[in-house]
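[1] The sequence isn't on hand, but the structure is:
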């Protein structure tokens, strides 16, 4: 993609965070955009910034949990843009709390938005791609697609589901060389999402050190318009995510559970809230969540690097701990 050939892009979840940052990044390259989310006012703010950056933007308020609305979005976007080259499926919400303490309607809404909503996106745009014989579907997943998140069980279910969904779609379109299903797996990102999430813990939520700038993730998405690839990890190596999920799934989840329990036992008390699960927040439109600090980013990179080294060393040690017949002992976890 060049300035002389602006990409025709649809972004769902474009009203804040990664979606807004990606819209602005594409706009800076002269892209023609269709921006979708539930909050029209927030979308209008993002669209204004996109136009100021050099792009064109049409706002279409859409709730991705409504299949008919997403079909209408795709049809109108196709008519407006004269085709769709890249669809960024980016909606993501969450509910924080121990599974039994979070109402089932909250769990269900997370699945509806994060998994079914992305399926609605793909169901609407894939026929267009197949008719065009080209197109890029970018699926925003997260590190949560590899590493389960206790105290966010529905979120984990949605992200693991998205990973399987993408792999299935890739198989179905494998005969079309110019149709691509691309997954993006960032680690924690400094967006308003954590403040907007449903919170059933009774404690104030925060993020770990080293959170990513949303613009870093946006750049990774924009690069996929030029060079589509199946898996893009941002903030930690994809191989580390895969190995950790394969080698120590129960251990990593247990460690995270312990951390969450200790954190919320000391966190400042706040009222229980459904956040943006059932209605968009009034203060959308922002890219940043306000959690990021440069010193924490460096610390996060050190921790991530140490984690890779420790896991690699552990695997080597396990391989070298075989019995007299030279075979490695079985890993002390059950792989499911």
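    Received, thanks. Just so it is clear, the model here is predicted, and its values are computed rather than measured.

[2] For the helix or strand hosting residue 184, which helices and strands make contact with it?
    Using DSSP states H and E, residue 184 maps to strand 179-186. When contacts are defined as 3 or more C-beta pairs under 8 Å, 6 or more residues apart in numbering; DSSP states H and E, strand 179-186 sits against strand 135-140, helix 153-172, helix 214-226, strand 231-234. From N, CA and C alone the C-beta is placed, and that goes for glycine too.

[3] which helices and strands sit right next to the strand or helix carrying residue 69?
    Per DSSP H and E: residue 69 is located in helix 67-81. Applying 3+ C-beta pairs under 8 Å, 6+ apart, we find helix 67-81 packed against strand 8-12, strand 32-36, helix 117-132.

[4] okay, these in a markdown table with mean neighbour count and mean pLDDT next?
    Compiled in a markdown table, the helices and strands packed on helix 67-81 are given as follows (neighbours: other C-beta atoms under 10 Å; pLDDT from 0 to 100):
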| stretch | mean neighbour count | mean pLDDT |
| --- | --- | --- |
| strand 8-12 | 28 | 98 |
| strand 32-36 | 27 | 98 |
| helix 117-132 | 20 | 98 |
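
[5] Which among those is found nearest to residue 251?
    helix 117-132 (29.1 Å; C-beta to C-beta).

[6] Need the nearest residue in space to residue 272, chain neighbours excluded.
    If the residues on either side of it in the chain are set aside, residue 272 comes closest to residue 200, at 5.4 Å by C-beta to C-beta, 6 or more residues apart in numbering.

[7] Does that neighbour touch residue 96 like I think?
    Yes. Judged on C-beta atoms under 8 Å, residue 200 makes contact with residue 96 at a distance of 6.7 Å.

[8] of those two, who's got more company?
    residue 96 (22 against 19; other C-beta atoms under 10 Å).

[9] Run through the residues that contact that one.
    Contacts for residue 96 (C-beta atoms under 8 Å, 6 or more residues apart in numbering) come out as 151, 152, 197, 198, 199, 200, 201, 205.

[10] Out of those, flag the one nearest to residue 67.
    Using C-beta to C-beta, the contacts of residue 96 come closest to residue 67 at residue 198, 22.9 Å.

[11] ok but residue 65 is inside a strand, no?
    No. Counting by DSSP: H, G, I helix; E, B strand; the rest coil, residue 65 is not part of a strand but coil.

[12] quick one, what contacts residue 82?
    residue 8.

[13] how close does it sit to residue 41?
    28 Å (C-beta to C-beta, to the nearest Å).

[14] got it, and residue 218?
    Distance of residue 218 to residue 41, computed by C-beta to C-beta: 22 Å.

[15] angle of the helix holding residue 69 against helix 117-132?
    Inter-element angle recorded for helix 67-81 and helix 117-132: 40 degrees (by axes from the mean of the first three to the mean of the last three C-alpha atoms, to 10 degrees).

[16] So what's the gap between helix 67-81 and the chain middle?
    When distances are taken as C-alpha atoms, centre = their mean, to the nearest Å, helix 67-81 is centred 22 Å away from the chain's centroid.

[17] Pull out the buried positions in that helix.
    Of the residues in helix 67-81, those buried under the neighbour-count criterion (16 or more other C-beta atoms under 10 Å) are 69, 70, 73, 74, 76, 77, 78, 80, 81.

[18] Show me the contacts of residue 96 that map onto strands.
    Using DSSP state E, 198, 199 are the members of the contacts of residue 96 that sit in strands.

[19] Residue 251: which of the contacts of residue 96 is nearest?
    The nearest member of the contacts of residue 96 to residue 251, counting by C-beta to C-beta, is residue 151 at 16.6 Å.

[20] How many residues are close by the closest one?
    Neighbours of residue 151 (other C-beta under 10 Å): 24.
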